[in-house]
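A.B. asks: Generate a structure from the sequence data that follows.
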Amino acid sequence: MKAFPPNVQSRREWPTRQRSIAPALCLAALTVMARASCAQPVEPKAVESGVDFQAHVEHGGLVVDRMAGDDPAVLVRRANFYSGGPDFLLQFDDKTVAALWLTDGNHMVVRQSEDPNAPVIGQVEANWQQGAIKLSFQPANGPAFSTGRFHRVDELVGRAALLGPDVSTTFEVQGVYRAEVRDAEGKPIGWLRASIHTPLGSERVYDGVLPPQLDGPLAVAATELVNANVDNVEGRAVNLYQGN
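C.D. replies: Here you go, the predicted model:
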């Protein structure tokens, strides 16, 4: 497997969520010492018409605004005190929708529960082509899928053309990127999009149109891999908005 480029660090802090899932998420946030207060509610964002998956970053972690078959959920960093436990739990209403194991910094194994022997939903792997991230999906019961690289689709100038390669400043990362999702035969069947805006605090929204096999926990796992890569790229760049 291809690992993150040198000096890449793992994700930092993860979200809390309000409404009926707040108690479980507050406990999880305290466990990992998240900076967000449980008294501050987190609301799902509006979803663009025609999009069947969307997640956004809040308090350093993912809030899932829409995915097939489930209400909005959050991806909670798990305090992994015992060997073999998951690194993340996808939760809603005190219920674990899926558990995610991160291996080698670029590979997610997704199971139906936090039991290490629970049935596997599938696997997602991040790879890099000339520094630009792309993804491979292997559902447990179905064919493989993949994305190309995330290409800039806005008209901003002086910015990175692809998502993933190192940049000099966080300013260069801002914008909208899109990757085609292809089936095992290379036929386009959907897309994933990353919208990244860093002024006055980074706001990131990830959305897409996906085949049913991917629209759910596997899409969340893929989003986490992409978002971690954005963290790493920005972490190595000069943040003009903080003056450092």
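A.B. asks: Quick one: mean pLDDT for stretch 103-113?
C.D. replies: For stretch 103-113, the mean per-residue pLDDT is 95.
A.B. asks: Send me that stretch as PDB with only the CA atoms.
C.D. replies: Extracted in PDB, the C-alpha atoms of stretch 103-113 (Å, rounded to 0.1, in the frame of the first residue of the first chain):
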ATOM      1  CA  THR A 103      -4.400   1.200   8.700                       C
ATOM      2  CA  ASP A 104      -1.200   2.400   7.200                       C
ATOM      3  CA  GLY A 105      -2.600   6.000   7.200                       C
ATOM      4  CA  ASN A 106      -4.300   5.400   3.800                       C
ATOM      5  CA  HIS A 107      -6.500   2.400   4.100                       C
ATOM      6  CA  MET A 108     -10.000   2.100   5.800                       C
ATOM      7  CA  VAL A 109     -11.700  -1.200   6.700                       C
ATOM      8  CA  VAL A 110     -15.400  -0.600   7.300                       C
ATOM      9  CA  ARG A 111     -17.400  -3.000   9.400                       C
ATOM     10  CA  GLN A 112     -21.100  -3.200  10.500                       C
ATOM     11  CA  SER A 113     -20.100  -2.700  14.200                       C
END
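A.B. asks: and after the helix or strand of the chain with the lowest mean pLDDT, which helix or strand comes next?
C.D. replies: Using mean pLDDT, DSSP states H and E, the weakest-scoring helix or strand in the chain turns out to be helix 22-31, at a mean of 38. The C-terminal neighbour of helix 22-31 among helices and strands, as given by DSSP states H and E, is strand 53-58.
A.B. asks: I am finished for the moment; much appreciated.
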